[in-house]
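Q: Predicted model, plus sequence, below.
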Amino acid sequence: MAKQRVKFTFVQDLIRQPVIWELGKEFELVTNIRRADVTEDRGWVVLELEGESTEIERGLQWVAEQGVRVDPVPGDIVEG
Amino acid sequence: MTHAKALRCRECGREYPLDSINVCEFCFGPLEVTYDYDAIAKVISREAIANGPPTLWRYHYLLPCDREMAVDIAAGFTPLIRAQNLGEALGLRYLYIKNDCVNPTWSFKDRVVAVASTKAREFGFDTLACASTGNLANSVAAHAAKASMRAFVFIPADLEQGKVLGSAIYNPTVVAINGNYDDVNRVCSELSDKYPWAFVNINVRPYYAEGSKTLGYEVAEQLGWQAPDHCVVPMASGSLFTKIWKGLSELSQLGMISSVHTKMSGTQALGCSPIVAAWEGGTLNVQPVRPNTIAKSLAIGNPADGYYALRTMADSGGYAASSTDEEIVEGISLLAKSEGIFAETAGGVVIAGLKKLVDQGRIDPDEVVVAFITGGGLKTQEAVAEHVKPPLQIEPSVNAFEEALASRSS
């Protein structure tokens, strides 16, 4: 089993969609929210995913396909 | 020895021992180094600092690592120059340039990597690593060479050859990753989880970031132990911006300077300005963007310290400004023509932003202003190549010279 920490950023259109619930339902993943800030027009959630690494990869790809931005928790790693 | 005490979560306040970790196990918030300031106050003095080396290690009292272990390529203590010509051009009477172009690998990244590599050595790591498109990679490779450590530098495969060379000369393993910026980000995040290396801006980031405080210390010392009225700073992740403020605040707390009244203003390129956009929108919530600017050294679309930079801006009464690529080139050119300093694109962002803030009336003409120039222009020659005059090409005679000169003048 692997764990991955990620940050999801939602645009307004996706605020009402239960993306994290669907992620846990459609994929063999445990979702563990640690911090979040969601308002009516935007939001972000920092969470940990636990599961097989291929399942985490598939799950994150699906999340990105929904239009959610997926980033590493520490922010951008590539620097100038 | 160091007077660093612990790592503290900037979100929930939980404390951790000084280890190679960068996020809180509970809330995943970023960790920051805390210090025993009472102990520091007993040993630090202006005289003790003045007797130290002409490098950032003169401020070792306030750094989170053991000076005896220092990976020292003489980073820091760069010139603070009174910029009278540029000041006149912009309408500022007391403008100074902090010229960090003259660091050993020609950018301010030598400050953060000096601290990160020293701490990595203390922790017993034998390998330094980073993901970078330029300055950071150069500095990691150079410090690893000095420390006799292995180095891995991850770059996007489409990076210009000139930028690869600036790292490769120090003999790291350079890994060019096929894929876009997000792919490189993701892979490096996974690699940092898997390999027992010191990724300077990931698992030793709390220490790495502290190196930027030395810019604040130096400016205060070079101004005769006082804080400037206004700092104009480039923002990428926002870390540098917050740490200059932290450096000034620490000096004040220790009684080395009087209270800090400095306004902290941040500048970004319009093509990657998530922090400026949040400031303009009156929110502390930074929305990530896809970078599209010539200022590649500032092209961080999802800035780790954006929120904290905005807090610093608000606490200090500072402002934010962004500039187009065209204005950035004009900024580089103006600094070079007026002060003889050739900056990379981030410097153009600062000068263009400074001009904008003056034009908007955000900076008073009588304020003591420091503009932070964080990297040298030879690294981003392509940005200005088309904007400089070609040489006068002549036959080898005085006549030919005078004719050519007359022709250009007319």
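A: Arrived safely, thanks for sending. Everything numeric in this text was worked out from a predicted model, so none of it was measured. Numbers count the residues shown, from 1 in each chain, chains lettered A, B, ... in the order given.
Q: Show me what from the stretch 301-410 of chain B comes close to chain A.
A: Residues of the stretch 301-410 of chain B lying close to chain A (C-beta under 8 Å from any C-beta of the partner chain) are B:301, B:302, B:303, B:304, B:305, B:306, B:346. Yep, even glycine has a C-beta here, placed from its N, CA and C like the rest.
Q: what's the most distant pair in those residues?
A: B:302 and B:346 (18.1 Å; C-beta to C-beta).
Q: neighbour count winner among these two?
A: Counting neighbours by other C-beta atoms under 10 Å in any protein chain shown for residue B:302 and for residue B:346 shows that residue B:346 has the greater number, 34 against 24.
Q: what about that one, helix or strand, and which?
A: Using DSSP states H and E, residue B:346 sits within helix B:345-359.
Q: Following that helix in sequence, what is the next regular element?
A: Counting by DSSP H and E, what follows helix B:345-359 is strand B:368-373.
Q: Check which element follows that next one along the chain.
A: Where DSSP H and E defines the elements, the next helix or strand beyond strand B:368-373 is helix B:381-384.
Q: hang on, the earlier thing: name the helices or strands packed onto the helix holding residue B:346?
A: With contacts taken as 3 or more C-beta pairs under 8 Å, 6 or more residues apart in numbering or on different chains; DSSP states H and E, helix B:345-359 sits against helix B:84-90, strand B:230-234, strand B:263-269, strand B:320-323, helix B:325-339, strand B:368-373.
Q: And for residue 14, the neighbour number?
A: Going with chain A. 17.
Q: not what I meant, chain B
A: 15.
Q: Next up, the contacts around it.
A: Each residue near residue B:14 by C-beta atoms under 8 Å, 6 or more residues apart in numbering or on different chains is listed here: B:8, B:24, B:25, B:26, B:27.
Q: swap in residue B:242?
A: Neighbours of residue B:242 in contact, by C-beta under 8 Å, 6+ apart: B:305, B:308, B:309, B:311, B:312.
Q: Tell me the secondary structure at it.
A: Classification of residue B:242 by DSSP: H, G, I helix; E, B strand; the rest coil places it in helix.
Q: One more: the one 4 residues further on?
A: Classification of residue B:246 by three-state DSSP places it in helix.
Q: show me the contacts for it.
A: Neighbouring residues of residue B:246 by C-beta under 8 Å, 6+ apart: B:213, B:216.
Q: Which pLDDT value goes with it?
A: Here the pLDDT value assigned to residue B:246 is 98.
Q: Longest helix in chain A, by number of residues?
A: For chain A, the helix that runs over the most residues, judged by DSSP state H, is helix A:53-65.
Q: Only the buried residues of it, if you could.
A: A:55, A:56, A:57, A:58, A:59, A:60, A:63 (16 or more other C-beta atoms under 10 Å in any protein chain shown).
Q: Likewise for stretch B:113-124?
A: Across stretch B:113-124, burial judged by 16+ other C-beta under 10 Å covers B:113, B:114, B:115, B:116, B:117, B:118, B:119, B:120, B:121, B:122.
Q: Residue B:94 is in contact with residue B:363, isn't it?
A: No. With contacts counted by C-beta atoms under 8 Å, residue B:94 stays clear of residue B:363, the gap being 10.6 Å.
Q: Show me the helices in chain A, by range?
A: Using DSSP H, helices in chain A cover A:19-26, A:53-65.
Q: residues in contact with the last one?
A: By C-beta under 8 Å, 6+ apart, the list of residues contacting helix A:53-65 from outside reads A:2, A:4, A:6, A:8, A:19, A:23, A:26-29, A:49, A:51, A:70.
Q: ok, residue B:177 to chain A distance?
A: 10 Å (C-beta to the nearest C-beta, to the nearest Å).
Q: now that residue, nearest residue through space, not along the chain?
A: Using C-beta to C-beta, 6 or more residues apart in numbering or on different chains and skipping the chain neighbours, the partner closest in space to residue B:177 is residue B:184 (5.0 Å).
Q: just residue B:257 next, same as before
A: Residue B:257 sits nearest to residue B:251 (C-beta to C-beta, 6+ apart), 4.7 Å away.
Q: Next, the angle strand B:230-234 makes with the host helix or strand of the one you found.
A: Here residue B:251 sits within helix B:239-253, counting by DSSP H and E. Between helix B:239-253 and strand B:230-234, the angle comes out at 150 degrees (axes from the mean of the first three to the mean of the last three C-alpha atoms, to 10 degrees).
Q: tell me which parts of the stretch 51-200 of chain B are close to chain A?
A: Near chain A, the residues belonging to the stretch 51-200 of chain B are B:109, B:130-136, B:154, B:156, B:181, B:184-186, B:188-189, B:192-193, B:199 when assessed by C-beta under 8 Å from any C-beta.
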